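Enquirer: Coordinates for the following, if possible.
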Amino acid sequence: MTIFFNKADKSMTLGNRVALKAFLEKQMKKEGIRIECLQYVFCSDKYLLDINKQFLNHDYYTDIISFDLSETKGELIGDIYISVDRVKENAKTLKTTLGNELLRVIFHGALHFCGYKDKKPADAKLMRAMEDKWLKAYLKSVPREGAKRLMK
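Expert: Model (predicted):
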């Protein structure tokens, strides 16, 4: 299994990595995707804004950007950049825990690689339903103390 959690200019301590990696691999496999290499990179708003401007010509903050670098359909090579600043802010705004919001964003990026979109309202609704489904399944699959250890 080749799922990596790295940092650019901000770190996010993530507990229970083994369980999370196994869950992601299992869920992606159900969607017909085999992970060759999936890298999550935690960064600041500024870092992700620079990527957004440079590669997508967007001049606004976002919580996540994913890049599919795959050469073969169904065999994923991808990078997902996550703004720690946005995740923290969104957790406050949405009145959820930082751990749950971080999981939601991690799953959101993986779901993009499975073909789920979020630009149109109907697509965004389906994406949110899939995020909820994966979040519920993950939290159910880890022992109670494991879920608490998500954020060390």
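Enquirer: list the buried ones in whichever helix in the chain runs longest?
Expert: Taking DSSP state H as the criterion, the chain has its longest helix at helix 121-141. Neighbour counts over helix 121-141 (16 or more other C-beta atoms under 10 Å) mark 127, 130-131, 134-135, 138 as buried. For the C-beta atoms, the positions are set from N, CA and C on the backbone; glycine is no exception.
Enquirer: Work out which residue lies at the spatial centre of this protein.
Expert: With distances taken as C-alpha atoms, centre = their mean, the residue of the chain nearest its centroid is Ile106 (1.7 Å).
Enquirer: what sits up against the helix or strand encompassing that residue?
Expert: Secondary structure from DSSP states H and E places Ile106 in helix 98-113. Around helix 98-113, the neighbours that count as contacts under C-beta atoms under 8 Å, 6 or more residues apart in numbering are 12, 14, 20, 24, 27-28, 33, 38, 40, 63-64, 66, 68, 76, 78, 80, 82, 87-88, 90-91, 94, 96, 118, 127, 130-131, 134-135, 138-139, 147, 150-151.
Enquirer: buried subset of the residues you listed?
Expert: 12, 14, 20, 24, 27-28, 33, 38, 40, 63-64, 66, 76, 78, 80, 82, 87, 90-91, 127, 130-131, 134-135, 138, 147, 150.
Enquirer: which other residues reach the longest helix of the chain?
Expert: Looking at what lies outside helix 121-141 - C-beta under 8 Å, 6+ apart - the contacts are 19-20, 23, 27, 100, 103-104, 107-108, 110-111, 116-118, 147.
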